[in-house]
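>>> I'll drop the sequence and a predicted model, then ask my questions.
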Amino acid sequence: MEFEPVIGLEVHAQLKTKTKIFCNCSTSFGAPPNTHTCTVCLGMPGALPVLNKKVVEYSLRAALATSCKINRESRFARKNYFYPDLPKGYQISQYELPIAEHGFLEIEAHGRKKKIGITRIHMEEDAGKLTHDPDRPFSMVDFNRTGVPLIEIVSDPDIRSPEEAGAYLRQLRSIVRYLDICDGNMEEGSFRCDANVSIRPVGSETFGTRAELKNLNSFKHVEKALHYEIIRQKEILVENGQVVQETRLWDPDKNTTTSMRSKEEAHDYRYFPDPDLLPLVIDDNWINDVRKSLPELPSAKTKRFIKDFSLSSNNAETLTSGRELAEYFEECTKQFPNPKQVCNWIMGPLMALLNAEGKTISEAPVSASDLAELLKLIDNGIISNKIAKTIFEEMAQTGKAAKQLVKEKHLVQVTDVSAIEEVVSNVLTACPKEVESYKNGKTKLLGFFVGQVMKETKGKANPKIVNEILKEKLK
């Protein structure tokens with residue numbers, strides 16, 4: 001019997017507001033434990049929550065960007081459960097009436113495009129953070145994160161493979177970063193994912209028993225965990241066993257999932273409307289104002305890059321994967337209007353440099369305007385492409401401009417034909433066996449001769465002129 005997986009994803013995106021969702025405490029990261037707290041986020045008796053308007057605005061941006069229907073009235077509810085990092089004994093969330101529902105994202109996986117439905121987007125507060133002492137039977141709690149605003153984005157069970165799940169997450173992360181509502185950092189937990197996965201016989205309309213997977217802090221871990229869980233559940237069913245509904249933890253060291261607890265249902269949380277918060281009413285004017293403020297989104301930008309800059313779909317998707325990277329490319333192209341060459345340098349030397357140093361494009365040591373200046377020097381024949389790569393490395397290390405480095409190091413390209421002819425003649429005289437082999441048909445030796453000339457000129461000779469002179473003299 002053949003099986004197919006049924007996957008749904010629950011993504012928590014931490015919103016980039018300056019203050020928490022129901023109080024004025026700071027959301028900044030890295031403060032000493034329990035210093036960004038107050039009577040409201042600690043759940044002291046008599047303290048009343050007040051909704052942060054910016055949280056609603058950011059939620060509306062996410063809803064509009066994912067084609068969701070926005071509910072003109074939504075309500076906050078109390079999600080009741082006990083855990084040491086939850087000071088009130090409940091989490092303020094949304095349940096029956098979320099802020100938005102019934103949207104979708106379009107992804108591309110396995111060489112085809114597909115729409116993944118979004119069930120709902122709702123606002124809620126984050127819990128605190130527990131730190132476990134490895135040497136003593138103690139745990140410490142930091143409530144700084146308590147009350148930090150989140151939106152939970154719940155997909156429909158439309159995903160049919162780990163690769164589709166990865167494509168969906170990458171697209172969603174790109175959107176929230178473009179909207180500037182979340183930094184999308186999975187490693188630090190500001191963009192978190194739980195995955196629900198079950199399997200069923202191919203052709204069946206009935207869902208199987210699902211497991212919820214937690215501790216997924218990278219796209220790679222999500223895909224690996226889903227692959228493992230799909231195989232685990234298949235093996236159980238093939239042996240006539242029964243899959244248990246439970247929450248399982250992904251162990252990236254062992255590449256396995258392990259049982260954590262039985263899966264709770266909604267009724268286990270005893271949801272009820274929060275009596276301290278009024279229903280949230282959103283009018284059309286507010287929605288229209290937010291819609292007007294939306295930036296160009298990744299999918300639209302990718303299509304424009306393909307059309308306006310004649311880029312391949314792969315290159316366009318890479319350049320638009322992050323808002324800052326796309327802006328860097330466009331800024332460089334404005335000053336040096338050769339999109340393909342700009343793309344090659346960004347995706348080649350620049351990305352290699354950033355990866356080696358563990359930096360993002362916003363931390364690039366070479367600005368878009370400085371890279372454009374370097375490319376102009378190549379285009380004008382002042383320096384060779386080989387020298388340009390050396391100059392680029394110097395620019396990154398020193399912060400100096402390309403023109404300044406070329407002048408200081410006397411690296412201006414040699415274009416004097418007579419001077420190059422003299423070097424070529426010397427190289428051919430010094431390599432009689434290679435010249436004879438070339439004339440006998442080993443034309444690949446041309447690269448050897450070019451290399452020798454470039455070596456003699458310390459990379460300064462114009463490669464085009466070198467090639468032309470060599471071909472003429474080797475006839």
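Sure, I can see it. Numbering: from 1, shown residues only.

>>> Domain-wise, how is the protein divided?
Domain assignment for the chain by automatic domain parsing gives 3-286, 296-408, 417-473.

>>> For Phe272, give me phi and psi.
Phe272 adopts backbone torsions of phi -150, psi 150, taken as degrees, to the nearest 10.

>>> scratch that, Glu246 is what I was asking about
For Glu246, the backbone dihedrals are phi -160, psi 170 (criterion: degrees, to the nearest 10).

>>> For it, report the pLDDT, please.
Here the pLDDT value assigned to Glu246 is 92.

>>> Could you do Gly322 as well?
For Gly322, the predicted pLDDT is 90.

>>> weakest of the domains of the chain by average pLDDT?
Of all the domains of the chain, domain 417-473 has the smallest average pLDDT, which comes to a mean of 84.

>>> how long is it end to end?
When the termini of domain 417-473 are compared using CA to CA, to the nearest Å, they are 13 Å apart.

>>> Can you give the distance of it from its chain's centre?
Centroid displacement of domain 417-473 relative to its chain, using CA atoms, centre = their mean, to the nearest Å, is 47 Å.

>>> Stretch 265-277 too?
34 Å.

>>> list the buried ones in that stretch?
The neighbour-count check on stretch 265-277 (16 or more other CB atoms under 10 Å) flags Tyr269, Tyr271, Asp274, Leu277 as buried. Quick note: C-beta positions are derived from backbone N, CA and C, even for glycine.

>>> Can you pull out the residues in contact with that stretch?
Stretch 265-277 has contacts (CB atoms under 8 Å, 6 or more residues apart in numbering) with 48-49, 51, 75-81, 92, 95-96.

>>> Endpoint to endpoint, it covers what distance?
One end of stretch 265-277 to the other measures 24 Å (CA to CA).

>>> just stretch 86-99 next, same as before
Length of stretch 86-99, first residue to last, CA to CA: 23 Å.

>>> residues in contact with it?
Under the contact criterion CB under 8 Å, 6+ apart, stretch 86-99 has outside partners 21-22, 41-43, 49, 56, 59-60, 63, 70-71, 73-82, 120-125, 127-128, 143, 146, 152, 266, 271, 274, 277, 279-280, 282.

>>> Mind checking which of those residues are in strands?
The members of those that map onto strands under DSSP state E are 70, 73-74, 77-80, 120-125, 152, 280.

>>> the helices in the stretch 151-300 of the chain, which residues?
Taking DSSP state H, counting those that start in this stretch, the helices of the stretch 151-300 of the chain run over residues 162-178, 219-238, 284-293, 298-309.

>>> The second one: which residues count as buried?
When you say that, I think you mean helix 219-238. 219, 221-226, 228-230, 232-234, 237.

>>> Likewise for stretch 435-451?
Residues of stretch 435-451 classed as buried by neighbour count (16+ other CB under 10 Å): Val435, Tyr438, Leu445, Phe449, Val450.

>>> what does stretch 297-311 give?
Within stretch 297-311, the residues that count as buried by 16+ other CB under 10 Å are Leu297, Pro298, Ser299, Lys301, Thr302, Phe305, Ile306, Phe309, Leu311.

>>> Can you check my assumption that Ala356 lies in a helix?
Yes. Counting by DSSP: H, G, I helix; E, B strand; the rest coil, Ala356 falls inside a helix.

>>> on that earlier part again, buried subset of the contacts of stretch 86-99, written for ChimeraX?
Selection of the buried residues among the contacts of stretch 86-99 in ChimeraX, burial being defined by 16+ other CB under 10 Å:
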select :21,22,41,42,43,49,56,59,60,63,70,71,74,75,76,77,78,79,120,121,122,123,124,125,127,128,143,146,152,271,274,277,280,282
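
>>> how much space between Gln404 and Ile383?
Here the criterion is CB to CB, to the nearest Å. By it, Gln404 lies 13 Å from Ile383.

>>> Compare those two and say which one has the larger neighbour count.
Ile383 (24 against 14; other CB atoms under 10 Å).

>>> Where does that one sit: helix, strand or coil?
Using three-state DSSP, the structure places Ile383 in coil.

>>> OK, contacts around Phe29?
By CB under 8 Å, 6+ apart, the residues touching Phe29 are Glu188.

>>> what's the helix or strand for the closest residue to Asn385 other than its chain neighbours?
Once flanking residues are discounted, Asn385 sits nearest to Ile378: 5.9 Å by CB to CB, 6 or more residues apart in numbering. Secondary-structure assignment from DSSP states H and E places Ile378 in helix 368-379.

>>> That helix: what's the following helix or strand?
Remark: after helix 368-379, the chain's next helix or strand is helix 385-398, criterion DSSP H and E.

>>> what is Leu105 paired to in the beta sheet?
Beta-bridge partners for Leu105, by DSSP bridges, are Ile116.

>>> can you count the residues close to it?
Using other CB under 10 Å, Leu105 has 22 neighbouring residues.

>>> need the contact list for it.
Thr66, Lys115, Ile116, Ile118, Tyr168, Gln171, Leu172, Ile175.

>>> which ones are touching the residue lying closest to the second one once chain neighbours are set aside?
With sequence-adjacent residues excluded and distances taken as CB to CB, 6+ apart, Lys115 is closest to Phe104, at 4.8 Å. Shown here is Phe104, whose contacts under the criterion CB under 8 Å, 6+ apart are Thr66, Ser67, Lys115, Ile116, Gly117, Ile118.

>>> how about CSV for the residues you listed, with distance to Tyr328 and neighbour count added?
CSV is the format used below for these (distance: CB to CB, whole Å; neighbours: other CB atoms under 10 Å):
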residue, distance to Tyr328, neighbour count
Thr66, 26, 20
Ser67, 28, 14
Lys115, 30, 12
Ile116, 29, 26
Gly117, 33, 15
Ile118, 30, 26
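
>>> Closest one of those residues to Leu9?
Nearest to Leu9 among the contacts of Phe104 is Ile116, at 8.6 Å by CB to CB.

>>> Next, count neighbours for the closest residue to Asp183 other than its chain neighbours.
Nearest non-adjacent residue to Asp183, counting by CB to CB, 6+ apart: Ser190, 5.4 Å away. Neighbours of Ser190 under the rule other CB under 10 Å: 20.
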